[in-house]
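Pasting a predicted model and its sequence here:
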Amino acid sequence: MTVLVITGTGTEVGKTVTTAAIAAAAVGAGRSVAVLKAAQTGVRPDERGDAQEVARLAGDVATAELARYPEPLAPATAARRAGRAPVRPHEIAEAAAKLAAEHDLVLVEGAGGLLVRFDETGGTLADAAESMGAPVLLVASAGLGTLNTTELSARELRRRRLDLLGIVIGSWPGAPDLASRCNVSDLPEVAGAPLLGALPAGAGSLTPADFRAAAPRWLAPRLFGTWDADGFRGRQTP
């Protein structure tokens, strides 16, 4: 795995913090890592974007951002309203390939979910993943409603014959409710892919040093960590 595409079942599910955790774990395992943010929306030129936040938390990673638009909208809409050129799927693939030539692992973080539009023709992160032939990691929420959005995303990936590497719960609550605890078993079933991690709620507020030290404990070995899915499931399943 040289390039990994990271998407979410929607917004605010912990995608950026999950990207940072994978980057930190990979760096800790001796890999050189680059993070590519396909399009950053809702951030001013002088503000820290998602790629920069990943670098702050994860440490020694290279970062790249293809475009930045000021309004917090889907990239295609934000580009149109700003009067700027959109980011197209082939540009994402080309940028990832250049980074992959110089790094062991390239993490490509999308914007929102899998089918959020990047340009006026309907190009999406899924199209970029197809172009790259790269596996996709799906970041999901823990609670009620996550099974539907997770299964829809997984079905679309299967329809496109893309490899769904697995699911990561982007924010696991300190006091999980019944739905969250049941979803630990149900998420991999509806997705047809393994659960590869669960990040504790508030992980992004840790100091960078504490974040880097803890990150491998939140992720399965496939993502350079030590997290035990069976053990976690056994502790949570009601």
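Thanks, I have the structure now. Numbers count the residues shown, from 1 in each chain.

Distance check, T149 against L187.
According to Cβ to Cβ, to the nearest Å, T149 stands 11 Å off from L187. The way it works is simple: take the backbone N, C-alpha and C, and place the C-beta from them, glycine included.

overlap in contacts of those two?
Here T149 and L187 have A140 as joint contacts, going by Cβ atoms under 8 Å, 6 or more residues apart in numbering.

who has more neighbours, these two?
Per other Cβ atoms under 10 Å, whichever of T149 and L187 has more neighbours is L187, with 26 against 19.

Find the residue closest to that one in space, skipping its chain neighbours.
Of all residues not flanking L187 in the chain, I167 sits nearest, at 5.3 Å (Cβ to Cβ, 6 or more residues apart in numbering).

Please state the backbone phi and psi of G112?
Dihedral angles of G112 (phi, psi; degrees, to the nearest 10) stand at phi 70, psi -130.

Burial check on it, number of neighbours?
If you count neighbours by other Cβ under 10 Å, G112 ends up with 21.

now do R155
If you count neighbours by other Cβ under 10 Å, R155 ends up with 14.

How is it assigned, secondary-structure-wise?
helix (DSSP: H, G, I helix; E, B strand; the rest coil).

The one 10 residues further on too?
Of the three states, L165 takes strand under three-state DSSP.

burial of the nearest residue to it once chain neighbours are set aside, as a residue count?
Of all residues not flanking L165 in the chain, P135 sits nearest, at 4.3 Å (Cβ to Cβ, 6+ apart). Using other Cβ under 10 Å, P135 has 17 other residues around it.

for the one 4 residues further on, same thing?
Neighbouring residues of V139 were enumerated by other Cβ under 10 Å; the total is 28.

Confirm that it lies within a helix, as I assumed.
No: counting by three-state DSSP, V139 is not part of a helix but strand.

picking that back up, in this structure the residue nearest to L187 contacts E189, no?
No: at 10.5 Å, I167 does not count as touching E189 under the criterion of Cβ atoms under 8 Å.
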